[in-house]
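Colleague: The amino acid sequence is not available; the structure is as follows:
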């Protein structure tokens with residue numbers, strides 16, 4: 001890694017309010033790499049749910065130690081930016097929030113099916129060409145809150161049977177939880193990068209096994225997993241947050 005790259009990551013952390021300089025920035029990237037590897041191993045069924053759980057808890061413990069949470073701002077309506085540019089929550093959140101179904105979710109077990117601990121946010125794209133029917137432009141995906149990018153997938157292919165497509169995981173230290181943005185077309189962030197609420201992180205797409213099918217409307221899949229004190233991920237409904245979030249033109 002170049003000195004310029006390491007310095008850049010450290011600067012991002014410091015200017016965002018995180019000043020724990022005792023841990024080298026290279027460690028942050030190491031934790032990001034571990035996070036991604038756990039997701040890949042679970043996806044490929046090469047790790048047991050119990051082993052994945054333990055590895056995840058240890059890695060999140062390390063990530064938590066990077067950030068001084070006493071520098072967090074208050075969590076109010078100004079904390080959030082609606083993650084789809086130029087769309088209102090009331091017109092775009094699928095089923096007015098009724099699509100959120102957390103029961104049975106397990107991040108570490110690919111055999112578990114039937115839950116949907118997330119919200120799908122739809123755009124006007126009748127011909128499903130990933131272009132907004134009103135503006136004739138791609139639709140920007142914005143960071144819902146501020147946080148550090150932990151892992152991304154950029155290379156999904158249309159003939160892949162993998163769900164999620166091109167995805168992004170972001171850790172918000174103040175909420176102490178993980179945001180998952182799925183089905184993107186173009187991903188524009190990198191692991192270790194700090195993003196502020198409202199920053200462009202991707203362009204909406206149709207990537208992912210189910211999202212690519214013609215029957216599926218073009219949408220963003222947004223999930224939030226709140227971490228327990230033990231570092232375990234539990235789904236939390238973001239509907240009320242989205243309804244009060246600022247809308248960015």
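Modeller: Yep, it's here. Note that the structure is a prediction, hence the values are computed from the model and not measured.
Colleague: wait, is residue 39 part of a helix?
Modeller: Yes - counting by DSSP: H, G, I helix; E, B strand; the rest coil, residue 39 is located in a helix.
Colleague: thought it was touching residue 162?
Modeller: No - in this structure, residue 39 is not within contact of residue 162 by Cβ atoms under 8 Å, at 11.2 Å. Yep, even glycine has a C-beta here, placed from its N, CA and C like the rest.
Colleague: Between those two, which has more neighbouring residues?
Modeller: residue 39 (21 against 14; other Cβ atoms under 10 Å).
Colleague: Apart from its neighbours in sequence, what residue is nearest that one?
Modeller: Counting by Cβ to Cβ, 6 or more residues apart in numbering, residue 39 lies nearest to residue 151, which is 6.3 Å off, once chain neighbours are set aside.
Colleague: just the helices in the chain please.
Modeller: 3-15, 25-43, 49-66, 89-92, 239-244 (DSSP state H).
Colleague: Please name whichever of those helices is nearest to residue 225.
Modeller: Ranking the helices of the chain by their distance to residue 225 (criterion: Cβ to Cβ) puts helix 49-66 first, at 10.3 Å.
Colleague: what sits up against the closest one?
Modeller: 13, 18, 20, 23, 27-28, 31, 34-35, 38, 41-42, 47, 106-109, 150, 171, 173, 176, 227, 230-233 (Cβ atoms under 8 Å, 6 or more residues apart in numbering).
Colleague: now stretch 173-180
Modeller: Under Cβ under 8 Å, 6+ apart, the answer for stretch 173-180 is 18, 64, 66-67, 69, 72-73, 75, 79, 118, 144-148, 150, 167-172, 221-227, 233, 236.
Colleague: in the longest strand belonging to the chain, what counts as buried?
Modeller: The longest strand of the chain (DSSP state E) is strand 177-187. For strand 177-187, burial by neighbour count (16 or more other Cβ atoms under 10 Å) applies to 177-187.
Colleague: Throw those residues into JSON lines and include pLDDT and distance to residue 86, thanks.
Modeller: Below are those laid out as JSON lines (pLDDT from 0 to 100; distance: Cβ to Cβ, whole Å):
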{"residue": "177", "pLDDT": "98", "distance to residue 86": "26"}
{"residue": "178", "pLDDT": "98", "distance to residue 86": "26"}
{"residue": "179", "pLDDT": "98", "distance to residue 86": "20"}
{"residue": "180", "pLDDT": "98", "distance to residue 86": "22"}
{"residue": "181", "pLDDT": "98", "distance to residue 86": "17"}
{"residue": "182", "pLDDT": "98", "distance to residue 86": "20"}
{"residue": "183", "pLDDT": "98", "distance to residue 86": "18"}
{"residue": "184", "pLDDT": "98", "distance to residue 86": "17"}
{"residue": "185", "pLDDT": "97", "distance to residue 86": "16"}
{"residue": "186", "pLDDT": "97", "distance to residue 86": "17"}
{"residue": "187", "pLDDT": "98", "distance to residue 86": "20"}
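Colleague: Fine by me, we can end here.
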